[in-house]
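Participant: Could you look at this predicted model? Sequence included:
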Amino acid sequence: MRGPLLLLLASVVLGAGAAVAAVTERSDGLRPPGLTARTAAPSGSAVARATPLPPALAPAPAVPAPTPAATPTPVPTPPSMGTAPASRALGRPFRDGRLENGVLLPAQGPDHRTWDAPLQRSPSRAWRRWGTDVLVATVLEVLAEHRAAHPESPPILVGDLSRPRGGIFDQRYGGLGHASHQNGLDVDIYYPRKDRLPIEPARASQVDRRLSQDLVDRFLARGAEFVFVGRNVRLRGPKARVSKLPHHDDHLHVRIPDPDGVGGR
Ligand SMILES: [Zn+2]
């Protein structure tokens with residue numbers, strides 16, 4: 001896998017990767033929020049690092065890529081390089097999870113709103129919406145693609161991601177709580193309602209199945225590791241990756257793979 005990863009990293013550094021604007025904010029709160037261009041691998045299954053790889057991961061000699069883009073011309077350094085360290089998902093999503101260098105999902109954007117289930121209001125509290133840089137970029141990109149393909153779809157409600165530094169996110173934090181959502185790899189996305197109201201569906205019959213299936217399909221296409229859906233919303237996907245669970249008739253839960261290769265179901 002190292003070869004393809006190298007090529008991917010090279011192409012991203014050379015400017016071929018998809019650039020995503022995401023509001024970033026340090027979890028220590030010392031840096032004011034600001035717009036920072038970040039890069040993300042299109043598949044969501046590999047990370048485009050904005051910082052140099054640690055020695056253990058750094059490949060030995062650089063491999064010359066046989067493409068015109070790999071000419072020796074110096075490449076301008078993206079503004080984010082060296083200022084925003086890549087996020088790290090530590091532990092497991094459901095046990096001993098922690099999040100380093102997480103990124104804050106904006107309270108709202110052109111294609112989304114955030115939903116605070118315990119308070120039944122939008123936007124959600126900021127401490128409930130931290131994820132890895134790849135997760136936040138994946139959510140924003142998938143929702144933008146979804147609404148570009150379906151202009152009739154309303155801005156999508158995004159629920160909980162993780163806490164600023166990850167960790168347990170159970171019922172002590174309101175509502176039913178989460179068994180997972182511990183290391184920045186999980187996000188809840190509310191199904192669009194047939195009546196387009198910007199609130200969570202109260203029951204499966206209120207869910208727009210066509211738009212919801214499109215969201216499931218797009219997250220799968222972007223490399224989601226698992227998608228959890230409700231038992232009564234009749235959404236489909238490959239059995240190995242899409243599971244029906246209780247308490248998911250109002251939202252789907254997406255987990256992206258840990259780009260560092262740790263984690264599990
Ligand atoms: Zn969830």
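Facilitator: Sure thing, it's come through.
Participant: and the residue of this protein nearest the ion?
Facilitator: Per CB to the ion, His253 is where the chain lies closest to the ion, at 3.5 Å. Yep, even glycine has a C-beta here, placed from its N, CA and C like the rest.
Participant: Isn't that residue up against Phe228?
Facilitator: Yes. Assessed by CB atoms under 8 Å, His253 is found in contact with Phe228 at 4.0 Å.
Participant: Residues that sit against both of these two, list them.
Facilitator: Listed as contacting both His253 and Phe228 by CB atoms under 8 Å, 6 or more residues apart in numbering are Leu245.
Participant: Verify the assumption that the residue of the chain closest to the ion is located in a strand.
Facilitator: Yes. Under DSSP: H, G, I helix; E, B strand; the rest coil, His253 sits within a strand.
Participant: beta partners for it?
Facilitator: Here His253 sits in beta bridges with Asp188, Phe228, going by DSSP bridges.
Participant: Based on its surroundings, how many neighbours for it?
Facilitator: 23 (other CB atoms under 10 Å).
Participant: Enumerate every residue touching it.
Facilitator: Counted by CB under 8 Å, 6+ apart, His253 has contacts 186-189, 226-228, 245.
Participant: Against Leu235, how distant is it?
Facilitator: 12 Å (CB to CB, to the nearest Å).
Participant: if we can go back for a sec, which of the contacts of His253 are buried?
Facilitator: 186-189, 226-228 (16 or more other CB atoms under 10 Å).
Participant: same for the ion: which of those residues are within range?
Facilitator: Contacts with the ion are made by Asp188 out of those, judged by CB under 5 Å from the ion.
Participant: Serialize the buried ones among the contacts of His253 to TSV and add fields for pLDDT and distance to Ser212.
Facilitator: Shown next, in TSV, are the buried ones among the contacts of His253 (pLDDT from 0 to 100; distance: CB to CB, whole Å):
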residue	pLDDT	distance to Ser212
Asp186	98	18
Val187	98	15
Asp188	98	13
Ile189	98	9
Phe226	97	16
Val227	98	11
Phe228	98	13
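Participant: how long is stretch 190-200 end to end?
Facilitator: For stretch 190-200, the first-to-last residue distance is 6 Å (CA to CA, to the nearest Å).
Participant: quick one: is that stretch near the ion?
Facilitator: No. Among the residues of stretch 190-200, none lie within reach of the ion under CB under 5 Å from the ion; the closest is 10.9 Å away.
Participant: Now that stretch: buried residues?
Facilitator: 190-193, 199-200.
Participant: Skipping adjacent residues, who's closest to Pro198 in space?
Facilitator: Distance criterion CB to CB, 6 or more residues apart in numbering; nearest residue to Pro198, sequence neighbours excluded, is Arg113 at 5.9 Å.
Participant: One more: Asp217?
Facilitator: Gly237 (7.5 Å).
Participant: got a list of what the one you found touches?
Facilitator: Neighbouring residues of Gly237 by CB under 8 Å, 6+ apart: 216-217, 220, 227, 229.
Participant: average pLDDT across stretch 117-132?
Facilitator: In this model, stretch 117-132 has a mean pLDDT of 98.
Participant: Cheers, nothing more for now.
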